[in-house]
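**Q** below are the sequence and a predicted model; questions follow.
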Amino acid sequence: MTTSADEKANEGTVRRGTFVTTRWSLILSGTGSKTKEQEASAALAELCSIYWRPIFAFICRHGHSTQDAEDLTQDFFLMILEGNWLQNADPSRGRFRSLLLKSLKNSLNDAADKVHARKRGGAVSFISWDDWVAEAPSELSMSTQRLNSLPPERLFDVRWAATVVERAVRRLREEYELKGQRRVFDILSGYLTKERDGVSCASLATKLEVPESTVKKLLYRIRQRYRWLLRDEVAKTVENPADIDDELRHLCGVLAASAEQAT
Amino acid sequence: MILYGVTDLHTAITHELDECPRCDTALRVNNGLCLLCLLQAGLTEAEDSRSESLDTLLSEIE
C-alpha cells in the first residue's frame, strides 16, 4: 500500500496525533448493517494480507513442507475471510495477533485432512504468493541457532514483530520518496535506533551537504516520524489504542526472551 | 547466507549475526538494524517537538 493510500485509510482514525479507532476495532464492530460488514470484511482482508508471514512461518515450523504450508496458509485465510470466524471466536476476543494465533492452532489440528483434500484438487486460492512477496519483501535475518531454538508460537511473534517494523520503515521510505528525498532516507535510516547513537553527525553533514545542526534535526525528525508510523501499524491490530504500548511491550519481551533462549 | 526453507522461505538465515551492542539480540532487519531496538523505539516517549518542520529542513538540501 502506498503512503497516500495509508494516509487516506487513516482519515478519521487519527486526531491530533492520537489514534482514535483501529482496523481491529472496526472489524470487531462490523455487525448490524451490510455496509459495516463489508467494511469489516475489507479491513480483515487487509490485515490478513499484511500478516501472512507469521502464519506461514508458524505452519512451516510445525514441520510442513513449503508447498503444504502455502496450501494450509491459503486454507486458513479462506476460513477466516469466508467463514464465521469472528462470530465463532472467543467473545472476549482480545488482540488480532493472539486471536489469529489461537485460531491457527485449532486450524492445524486437522491440517493433514486439508492437505490431502487439496491434493485431490478443488482448492481456492486467496493469496498470490508472488505478488505478496514482491510487494512486501522482508529483510529479517536470524542465526540458525536462534531459529532452531524457537518454538512455533515464538517464531510467530518474532515474524509478527518484523512485519510491524518493516511496514513502518517501508512507509517512512515512501514518504521521503514522495518528497523527492529518497537519498536522505537512505543515508539517515541506518540511524533510526539508539543502537547507532554513536553516529558521526559531521560525516552525515558532509554526505548531505548541510550543517551538523541540520543533521541533528533531521535525525530527530526521522526518528520521531518512524515512531509514529510504528505505533500506527500496531494500532491497526489492537482493539483499543491504549493497548499499543502493551502490545509493543509484549513483542519486545518475546524478542528479548528469544535472545536469552538462544544463548 | 543460507536460505533455510523448512521454517520460512522468506527469511534469510545466517550462521553468525552480530549481537546488538545495546540489547544483545541478533535479529536484524532493514539496513542491518536491530529488530528489538526498532521495536523499542515505539515505546520511547516522544521528545520535545519545538523544531523546524521536516519540509523546512529538507529544503536546505539540494
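**A** That came through, no problem. Numbers count the residues shown, from 1 in each chain, chains lettered A, B, ... in the order given.
**Q** can you show me the strands along chain B?
**A** B:2-3, B:12-14 (DSSP state E).
**Q** report how many residues lie close to B:C23.
**A** Residue neighbour count, defined by other Cβ atoms under 10 Å in any protein chain shown, stands at 21 for B:C23. C-beta coordinates here come from the backbone N, C-alpha and C atoms, glycine included.
**Q** any idea how many residues pack against the nearest residue to it once chain neighbours are set aside?
**A** Distances taken as Cβ to Cβ, 6 or more residues apart in numbering or on different chains put B:L36 closest to B:C23, at 4.9 Å, once the chain neighbours are dropped. Other residues near B:L36 number 28, with proximity taken as other Cβ under 10 Å.
**Q** do the same with A:N106
**A** Residues within reach of A:N106, counting by other Cβ under 10 Å, total 10.
**Q** now it: which helix or strand?
**A** helix A:96-108 (DSSP states H and E).
**Q** how far out from the middle of the chain is that helix?
**A** 15 Å (Cα atoms, centre = their mean, to the nearest Å).
**Q** which residues touch that helix?
**A** Here helix A:96-108 makes contact (Cβ atoms under 8 Å, 6 or more residues apart in numbering or on different chains) with A:24, A:27, A:47, A:51, A:54-55, A:58-59, A:62, A:72, A:75-76, A:79-80, A:85, A:89-90, A:93, A:153, A:156-157, A:160, A:236-238, A:247.
**Q** quick one, which of those are buried?
**A** Among those, the ones that count as buried by 16 or more other Cβ atoms under 10 Å in any protein chain shown are A:24, A:27, A:47, A:51, A:54-55, A:58-59, A:62, A:72, A:75-76, A:79-80, A:85, A:89, A:156-157, A:160, A:236-238, A:247.
**Q** where among the strands of chain B is average confidence lowest?
**A** Mean pLDDT is lowest for strand B:2-3 out of the strands of chain B, coming in at a mean of 29.
**Q** quick one: low-confidence residue ranges for chain B.
**A** Along chain B, the model assigns pLDDT under 70 to residues B:1-17, B:45-54, B:57, B:60-62.
**Q** what is the end-to-end distance of stretch A:204-218?
**A** 10 Å (Cα to Cα, to the nearest Å).
**Q** what about it and chain B, touching?
**A** Yes - shown here: stretch A:204-218 in contact with chain B (Cβ under 8 Å from any Cβ of the partner chain) through A:208-210, A:214, A:217-218.
**Q** as a markdown table, those with secondary structure, pLDDT and neighbour count would be great.
**A** Formatted as a markdown table, the residues of stretch A:204-218 next to chain B follow (DSSP: H, G, I helix; E, B strand; the rest coil; pLDDT from 0 to 100; neighbours: other Cβ atoms under 10 Å in any protein chain shown):
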| residue | secondary structure | pLDDT | neighbour count |
| --- | --- | --- | --- |
| A:L208 | helix | 92 | 19 |
| A:E209 | coil | 92 | 10 |
| A:V210 | coil | 92 | 19 |
| A:T214 | helix | 92 | 20 |
| A:K217 | helix | 91 | 19 |
| A:L218 | helix | 94 | 27 |
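**Q** let me have these in a markdown table, extended by distance to A:R227.
**A** Output for the residues of stretch A:204-218 next to chain B, formatted as a markdown table (distance: Cβ to Cβ, whole Å):
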| residue | distance to A:R227 |
| --- | --- |
| A:L208 | 22 |
| A:E209 | 27 |
| A:V210 | 23 |
| A:T214 | 20 |
| A:K217 | 16 |
| A:L218 | 15 |
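**Q** and the residues you listed, which two are furthest apart?
**A** Taking Cβ to Cβ as the measure, the residues of stretch A:204-218 next to chain B span a maximum distance of 15.0 Å, between A:E209 and A:K217.
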